[in-house]
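Undergrad: need a structure here:
(one chain, ligands or ions: 3)
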Amino acid sequence: MKLFTTKQIAGIDKFTIENEPISDIDLMERAALQITHWLVKRFSTEQKMVFFAGPGNNGGDALAIACQLANLDFVCEVFLLDFGKELKGSPAVNWKRLEEQNKVKLVKFKDESGFPELGLTDVILDGMFGSGLSRPLEGFPAAIVEEINQLENTKVAIDIPSGLMGEDNSLNIPGNIIKADFTLTFQFPKISFLFPENETYTGKWEVLPIGLHPGGIEQTPSNTFFIEEEDVKKTIASRSKFAHKGNFGHALLIAGSFGKMGAAVLASRSCLRAGVGLLTTHIPRLGYSIIQTAVPEAMTSIDQHDAIFTEFPDLSAFSAIGVGPGIDKKRNSQKALCELLEKAKVPLVIDADGLNILSENSEWLQKLPGKSILTPHPGEFKRLVGNSSNSYERIQQQKEFAQKYHTIVILKGAYTVIATPNGQLFFNSTGNPGMATAGSGDTLTGILLGLLAQGISSEAAAIAGVYLHGLAGDLAAREKSEPALIAGDITDYLGKAFIELNKETN
Ligand SMILES: NC(=O)C1=CN([C@@H]2O[C@H](COP(=O)(O)OP(=O)(O)OC[C@H]3O[C@@H](n4cnc5c(N)ncnc54)[C@H](OP(=O)(O)O)[C@@H]3O)[C@@H](O)[C@H]2O)[C@@H](O)CC1
Ligand SMILES: Nc1ncnc2c1ncn2[C@@H]1O[C@H](COP(=O)(O)OP(=O)(O)O)[C@@H](O)[C@H]1O
Ligand SMILES: [K+]
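TA: Ligands and ions are numbered 1, 2, ... in the order given. Predicted coordinates:
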C-alpha cells in the first residue's frame, strides 16, 4: 500500500469528490459513518459522548458523528472551539443539521474557562484538528489539549490526534498534542503513526476505509509504502514438481563465536526454513559439535581459530552470504570481514557485529557488494550512520545512506523500515512486542539470507523477509503469548507463515 503525506491525502479526497463523483458533505457522512460503526461496537448508550470540534473538516466529521450517534440513542454533547469565524462548507451544514435535529447539546467556547465538567465514564471524541493542521498548537487550542490530556476518560481521536503532524514532528510542541487511547484514521495510516515516539499520542490506531477513489490513489506518486500480504505473495513462487535442491541456492552463513554459538544456530535454522537448497555455516572450531548437533541439515565450514571468525571458504559455490550474528569484533575478525567484502561477488546480508565492525571502519562501506542488505537495530544504526533526534530524521538519514552506498538498509523496530538504493521506503506491517527478545534479529538474518540465496532480488527478499519474520512472530505469539515468545519460535512458525501467505492464492 502506498503511504501519502496529509497534503497528498487531501488531494485524493478532492479527486474522489470530483471523479466518483460525490459531494463533499456525502463523503464526510461516509467517513463519519465508519467511525460511528466503530464506536457503537465498542461503547454503550450509557456512556455520554463528548465531542471537541475544530473549525475545519475534522470538526465537520465530529459534528456528523454526533448527529449519527444521537440518532442511535447515544447522549452526545458538542463543544466547538470558537475562533471568531463562521463555520463554512460541510462543517456549517453539519452544525445546522445538529441544530435541526435538536438532540445534541451544542456549545461554542472561546477560551479554557468554557471547558466542561466531564463524568468519569464519558468518552471524549477529538475532532479539533486533523490533516489540515498547519502549525503546532498554541494558545487556546493548546490549553484545551492540556485540559483533555489531564483527564482519565477514554479518548478517541478522529483521523489524527489533534496537534500531531502527519509526517515530521521535529518542530512540534509535545505537550500540545492530544494523547488518545484510540485513533481512527481514514483510509491510510499516517506516516507519523509508525514512529515509536508517537505511540503516546495515537494510542492504538486503526485504519477505516472510506472509499477514496482508486484512480486518485493510483495517480498520486509516492516513494513510501506499507508492506502488505499482496506485496509478498508475488515473491514466494510455488515450486515445480521436478525441483531439486540445486534450484534453491547455496547460502554461506558466517556466524557465532565462543559463547555466542546460539546466534549461528538460530540464523542457520531460519535460513533453512526460509527454503534455501543448501546451507554452509562457517563457525569457529569449538562450535563444530554445537552446530552439527543443533542443525544437522547445515554443512559446516570450520575456521582454523577455536573461538572466532578469521577466514572463510572459497566463495565460488555460494549464491548469497550472511555475516555477523555473534561473531564478535576481534581484530582478526575485522580483517577477515574486510577481505570478505573485497572478494564477495554476491550480495551480503550483514548484521550485528558485522555492522559494528563496519561502524569502526566506515571506509570499508565503499567495498560493499552492490545490493547488499544491512540490518541494524536503532543502536547499530546510530553507530553506523550517526545520531538523530527523532524517527523522522532517522529515516531521512537511512534513505541517504542507502542511496550513497547502493545498499538496502533494514532499520529494525516495531515498524521495521526498509530503505532501498532508489530512494524508496517500505514500512513493515507485521510483528509484535513479543519479538523484542534475544536472538530474534538473528532469525531475520537467516530468513533474508535464505531468500536471497534462492535468487530473489535484494529488494524483494528484504520486503518478503521482514514481512514473513513478523508474520511468523504473530502466529507464534497467538499460541505462545508475547511474553513467552523466544527467537526459536519465530523460526518454528515460519512454515505456518508460508501457509498463511499461500492461503488465498490456492
Ligand atoms: N476533504 C475531505 O473531503 C474529507 C476530509 N476529512 C476530514 O477532514 C480533515 C481535514 O480537514 P481540513 O483540511 O479542513 O483541516 P482540519 O484538520 O480540520 O483543520 C483545518 C482548520 O484548522 C485551522 N488550523 C490549522 N492549524 C491550526 C493551529 N495550529 N491552530 C489553530 N488553527 C489551526 C485551519 O485554519 P488556518 O490554518 O487557515 O488558520 C483550519 O481552519 C481530515 O483530518 C478528516 O478528518 C474526512 O471527512 C474525509 C473527507
Ligand atoms: N515491538 C516490536 N514489534 C515488532 N517487532 C519487533 C518488536 N521489537 C523487536 N522486533 C523485531 O525483532 C527483531 C529484533 O532484532 P535485534 O534487535 O537485532 O535482536 P537480537 O540482536 O537480539 O537478535 C527485529 O526484527 C525487530 O523488528
Ligand atoms: K483529531
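
Undergrad: residue 127: what's it in contact with?
TA: 51-54, 58-59, 61-63, 65, 158, 162 (CB atoms under 8 Å, 6 or more residues apart in numbering). Where you see a C-beta, it was placed from the backbone N, CA and C, and this is true even at glycine.

Undergrad: who's it bridged to?
TA: residue 53 (DSSP bridges).

Undergrad: considering only the contacts of residue 127, which also neighbour ligand 1?
TA: Among the contacts of residue 127, the ones lying near ligand 1 by CB under 6 Å from any ligand atom are 54, 58-59, 61, 158.

Undergrad: among those residues, name the buried ones.
TA: Applying 16 or more other CB atoms under 10 Å to these, the neighbour count classes 54, 58-59, 61, 158 as buried.

Undergrad: low-confidence ranges in this protein?
TA: Along the chain, the model assigns pLDDT under 70 to residues 504-506.

Undergrad: around ligand 3, which positions in it sit nearby?
TA: Counting by CB under 5 Å from the ion, the chain comes close to ligand 3 at 58, 126, 130, 157-158, 162.

Undergrad: give me that answer again for 8 Å
TA: Taking CB under 8 Å from the ion as the test, the list of the chain residues beside ligand 3 reads 54, 58, 62, 126-130, 157-162, 178.

Undergrad: what subset of the buried ones among the ones next to ligand 1 among the contacts of residue 127 is also close to ligand 2?
TA: Restricting these to those touching ligand 2 (CB under 6 Å from any ligand atom) yields no residues.

Undergrad: mind listing which of those residues are in helices?
TA: If you go by DSSP state H, those have 58-59, 61 in helices.

Undergrad: of those residues, just say which sits nearest to ligand 2.
TA: Within these, the smallest distance to ligand 2 is 29.4 Å, found for residue 58 (CB to the nearest ligand atom).

Undergrad: wait, residue 431 sits on residue 475?
TA: No: if you go by CB atoms under 8 Å, residue 431 and residue 475 don't touch, sitting 11.2 Å apart.

Undergrad: who's more crowded, the two?
TA: Per other CB atoms under 10 Å, whichever of residue 431 and residue 475 has more neighbours is residue 431, with 24 against 21.

Undergrad: for the protein, what's the longest helix?
TA: helix 458-480.

Undergrad: which strands or helices does that helix pack on?
TA: helix 229-233, strand 373-374, strand 408-411, strand 417-419, helix 440-453, helix 487-492, helix 494-502 (3 or more CB pairs under 8 Å, 6 or more residues apart in numbering; DSSP states H and E).

Undergrad: how many neighbours does the residue of the chain found nearest ligand 2 have?
TA: Across the chain, the shortest distance to ligand 2 (CB to the nearest ligand atom) belongs to residue 441, at 2.1 Å. Neighbour count of residue 441, defined by other CB under 10 Å: 25.

Undergrad: ok, now the one 5 residues further on?
TA: Burial measure for residue 446: 37 neighbouring residues, criterion other CB under 10 Å.

Undergrad: how about the nearest residue to it, chain neighbours excluded?
TA: residue 270 (3.3 Å; CB to CB, 6 or more residues apart in numbering).

Undergrad: give me the element the one you found is part of.
TA: Assessed by DSSP states H and E, residue 270 sits inside helix 261-273.

Undergrad: for the helix or strand following that helix, buried residues please.
TA: Downstream of helix 261-273, the first helix or strand assigned by DSSP H and E is strand 278-283. Residues 278-283 are the ones in strand 278-283 that count as buried (16+ other CB under 10 Å).

Undergrad: helices or strands up against strand 278-283?
TA: strand 250-254, helix 261-273, helix 288-294, strand 299-302.

Undergrad: please save the CA atoms from the longest one in PDB.
TA: Meaning helix 261-273. Taking Å, rounded to 0.1, in the frame of the first residue of the first chain, the C-alpha atoms of helix 261-273 are listed here in PDB:
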ATOM      1  CA  MET A 261      27.100 -20.100  19.100                       C
ATOM      2  CA  GLY A 262      23.300 -19.700  19.600                       C
ATOM      3  CA  ALA A 263      23.300 -16.900  17.100                       C
ATOM      4  CA  ALA A 264      24.800 -19.300  14.500                       C
ATOM      5  CA  VAL A 265      22.200 -21.900  15.300                       C
ATOM      6  CA  LEU A 266      19.200 -19.500  15.200                       C
ATOM      7  CA  ALA A 267      20.300 -17.900  11.900                       C
ATOM      8  CA  SER A 268      21.100 -21.300  10.300                       C
ATOM      9  CA  ARG A 269      17.800 -22.800  11.300                       C
ATOM     10  CA  SER A 270      15.800 -19.900   9.900                       C
ATOM     11  CA  CYS A 271      17.800 -19.800   6.700                       C
ATOM     12  CA  LEU A 272      16.900 -23.400   6.100                       C
ATOM     13  CA  ARG A 273      13.300 -22.800   7.000                       C
END
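
Undergrad: if anything else comes up later, I'll come back, but that's it for now.
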